[in-house]
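**Student:** need a structure here:
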Amino acid sequence: MKPEIVISSSDLERLEGLLFSPAARNRGDLNGLRDELERAVVREPEEMPVDVITMNSRARFREQPSDREYELTLVYPGDAGQGPGKVSVFSPAGSALLGLSVGQAIDWKTDDGRSIHLEVLEVRQPEAAGH
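**Tutor:** Residues are numbered from 1 along each chain as shown. Have a look, this model is predicted:
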């Protein structure tokens, strides 16, 4: 069962614009993101809980079974290669992280086929900082 997710109306609008662009419209690998957007609870940016992963949020995670902690920033596709720890919302990992909040966890398979379990420990989001 997937956890409930919350996204901001501004993130939804921009992501839908990207998904309906000619370059992305017929990409089947983006169906996971489309599904996430469809099931999400949508709020205005100023009403977003401060512990939810929005676009451009920096979040700290704990990976199981390794117990390793690390930080990632969820970014738009054009920003993904511009620095360490940036993950595109167009990637399976990125679309799975969008809308999660502190305390929630998600399971998925890595590119090499391993199953991992990620728990959200902390979120620093632009909306909470007034951006």
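**Student:** Show me the helices in this structure, by range?
**Tutor:** 9-19, 31-39, 92-97 (DSSP state H).
**Student:** Name the surrounding residues that touch the first one.
**Tutor:** Contacts of helix 9-19 from elsewhere in the structure, counted by CB atoms under 8 Å, 6 or more residues apart in numbering, are 24-25, 30, 33-34, 37, 40, 42-45, 54-55, 76-77, 89-90, 98. The way it works is simple: take the backbone N, C-alpha and C, and place the C-beta from them, glycine included.
**Student:** what do you get for the second one?
**Tutor:** Outside of helix 31-39, the residues that reach it under the criterion CB under 8 Å, 6+ apart are 2, 5, 7, 12, 15-16, 19, 89-90, 92, 94-96, 98-99.
**Student:** least trustworthy position among the residues you listed, going by pLDDT?
**Tutor:** pLDDT across those is lowest for Lys2, at 73.
**Student:** Count the neighbours of that one for me.
**Tutor:** Using other CB atoms under 10 Å, Lys2 has 12 other residues around it.
**Student:** quick one: it from Gln82, how far?
**Tutor:** 29 Å (CB to CB, to the nearest Å).
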